[in-house]
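Trainee: Pasting the sequence and the predicted model now:
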Amino acid sequence: MNGGSSHVPTKEGGVPAYRCHKARNLGVVTIEGRDHYLGPFGTSASKQKYAGLIRAWQERAAKGAEPAPEPLPANGQATVNDLTLLFPKHVSAYYKPNRGENTEAGCISDALAIVRECGYGREPADEFRPKDLKRVRKAMVAKKWCRGYINHQIARVKRMFAFGAEEDLISGSVYHALLAVKGLRRGSPGVVEKARVRPVPIADFKAVLEKASPTVKAMLKFAFYTGARPGEICALQLRHIDRSRKVWVYAVPPGANKNEHRDQSREVLIGPRT
């Protein structure tokens, strides 16, 4: 399957077939291992482009010429596949691992997997439109992802196209058009709503403290009284705490600060015991 196109096999040495790319309803022909997109499927213009490409291919074959250099996509530059390969590399360098795990890179990988599952790959990235992004979102809904996660994932797909525009791989108008796709609203039909996270009842918290080891108990109490995140507590060392004032200040080290890539420091205040 080529980028979601219906594949019509040809006999050995036969003429490459004129096919329909189902995801985009575009005519497509594969010549010498490369997909050529011809315009709306079934139109006379697309069939004329197909005929021209076949004539050029047959002439090269008759002369025994080398394949022509691979041209850029008809629109200008990168394909969707190009972006889905380049963007994760950028993400891995841009978002630093938090306690050894780059969670943002993992979420982006999940989002781009849906883009590929929807058949978007070899076609020019400049042709990706809001309706295509909504199709990707519909596939996420079908996977029973919750509304908040879907909205975040669609934002990540948009960010990939913003990266493409920033690197001058695609037209900036593509990204700006995708901004027209708004987030799913609460109550959207068929969309899973995730229950809001509520505070743990005090009775349950105390029951856990009674069963926890001394170290875990201390960590839980530190989180309860300061609001520190689990990763921040695990990274805590005495040298990170300024104890020169009445209220101690824990300067979270970069490896445990989830907003380090935004150049934002993180401090946890440790007040006096009352």
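Mentor: Looks like it came in fine. Fair warning: this is a prediction, and the values are worked out from it, not measured in the lab. Numbering: from 1, shown residues only.
Trainee: Leaving out chain neighbours, which residue sits closest to residue 107?
Mentor: residue 156 (6.4 Å; C-beta to C-beta, 6 or more residues apart in numbering). C-beta here means a position set from N, CA and C on the backbone, and glycine is covered the same way.
Trainee: To which secondary structure element is that neighbour assigned?
Mentor: According to DSSP states H and E, residue 156 maps onto helix 147-166.
Trainee: list the helices and strands that helix packs on?
Mentor: Judged by 3 or more C-beta pairs under 8 Å, 6 or more residues apart in numbering; DSSP states H and E, helix 147-166 is in contact with helix 80-94, helix 103-117, helix 130-142, helix 172-178.
Trainee: For that helix, which outside residues touch it?
Mentor: For helix 147-166, contacts defined as C-beta atoms under 8 Å, 6 or more residues apart in numbering pick out 78, 83-84, 86-87, 90, 107-108, 110-112, 114-115, 125, 128, 133, 136-137, 140-141, 145, 170-172, 174-175, 178-179, 181, 183-184, 186, 188, 191-194.
Trainee: now do stretch 236-250
Mentor: With C-beta under 8 Å, 6+ apart, stretch 236-250 has contacts from 222, 226, 228, 232, 251-253, 267-272.
Trainee: Quick check: buried residues in stretch 87-96?
Mentor: If you call a residue buried by 16 or more other C-beta atoms under 10 Å, then stretch 87-96 has these buried ones: 87-88, 90-91, 95.
Trainee: List the contacts of the most centrally placed residue in the chain.
Mentor: Nearest residue to the geometric centre of the chain (C-alpha atoms, centre = their mean): residue 108, 3.3 Å. Neighbouring residues of residue 108 by C-beta under 8 Å, 6+ apart: 87-88, 91, 156, 160.
Trainee: Now the element after the least confident helix or strand in the chain by mean pLDDT, going C-ward?
Mentor: Counting by mean pLDDT, DSSP states H and E, the chain has its least confident helix or strand at strand 34-40, which shows a mean of 76. Per DSSP H and E, strand 34-40 leads on to helix 44-63 as the next helix or strand towards the C-terminus.
Trainee: helices or strands up against that next one?
Mentor: strand 26-31, strand 34-40.
Trainee: tell me the angle it makes with strand 26-31.
Mentor: 0 degrees (axes from the mean of the first three to the mean of the last three C-alpha atoms, to 10 degrees).
Trainee: which parts of helix 44-63 are buried?
Mentor: Buried, per 16+ other C-beta under 10 Å, within helix 44-63: 46, 49-50, 53, 57.
Trainee: would TSV of those with pLDDT and distance to residue 262 be doable?
Mentor: Shown next, in TSV, are the buried residues of helix 44-63 (pLDDT from 0 to 100; distance: C-beta to C-beta, whole Å):
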residue	pLDDT	distance to residue 262
46	79	46
49	79	47
50	86	49
53	82	48
57	82	51
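Trainee: Chain neighbours aside, what residue packs nearest to residue 233?
Mentor: Excluding the flanking residues, the one nearest residue 233 by C-beta to C-beta, 6+ apart is residue 219, at 5.1 Å.
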